[in-house]
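Undergrad: Everything below, folded, please.
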Amino acid sequence: MHLYWSQFVTLIATPFEHVALIWGIVPLYFGWLLNESTTSKANFRTAIQTGFSFLWAGAQWLYPYFVKDGPHEGRLELNAMLPVNLAVTALVLVLGVIALVSGLRKRFPKYGRFLGHTRFANYFMITIYPMQAHWLDWTWLRLETIALFAVPVWVVMYVGLMPLRK
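TA: Just a heads-up that it's a prediction; the model follows:
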């Protein structure tokens, strides 16, 4: 268990050890706290929150791959991105756009109501953030750690922030 705890602390602490990552991770924490203080039912407001969080994280993960060609020109250089990072970023961006559009249109796509359940999405964005930002490598141990701590963290957040909910 010590190995998992060590990995969990590393996942949470790494973004705060590098100034370049702080601007990307802090809004996700604020989003998580905001999400935890709202209703647990899926609605269009929570879909907008999910969409914003996902788009923010995806944009932060893509930012290092923008190459400036001139003062007013730039291009996205995706060939330097690892396939797992590219796949996760693409999935997060697609889900973010769908959630945001669903929230703004006040209509979920068929089987898309899960996009309104935003409460715990930020936990996953926060824990995978250092791997997506290339400060840590993707490993099975880290994925196991994220899964192992998901329920205990959810319980702590749910019970700890209960006084803020109506």
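
Undergrad: From here on, just use CA atoms for contacts and neighbour counts.
TA: Noted.

Undergrad: neighbours around Phe149, how many?
TA: 14 (other C-alpha atoms under 10 Å).

Undergrad: list the contacts for it?
TA: Phe8 (C-alpha atoms under 8 Å, 6 or more residues apart in numbering).

Undergrad: again with Tyr129
TA: Tyr129 neighbours (C-alpha under 8 Å, 6+ apart): Pro15, Ile25, Ala57.

Undergrad: Determine the set of other helices and strands touching the helix or strand in which Leu91 is found.
TA: Taking DSSP states H and E as the criterion, Leu91 maps to helix 83-105. Counting contacts by 3 or more C-alpha pairs under 8 Å, 6 or more residues apart in numbering; DSSP states H and E, helix 83-105 packs against helix 44-62.

Undergrad: Contacts made by the helix it packs on with the rest, please.
TA: For helix 44-62, contacts defined as C-alpha under 8 Å, 6+ apart pick out 24-25, 27-28, 31, 35, 89-90, 92-93, 95-104, 106-107, 115-118, 121-122, 125, 129, 132-133.

Undergrad: Quick check on these: which are buried?
TA: Those of the contacts of helix 44-62 that meet the buried threshold are 24-25, 27-28, 31, 35, 89, 92-93, 95-103, 115-118, 121-122, 125, 129, 132-133, by 16 or more other C-alpha atoms under 10 Å.

Undergrad: Return the set of buried residues in stretch 131-147.
TA: So, applying 16+ other C-alpha under 10 Å, buried residues of stretch 131-147: Met131, Gln132, Ala133, Leu136, Trp138, Arg142, Thr145, Ile146.
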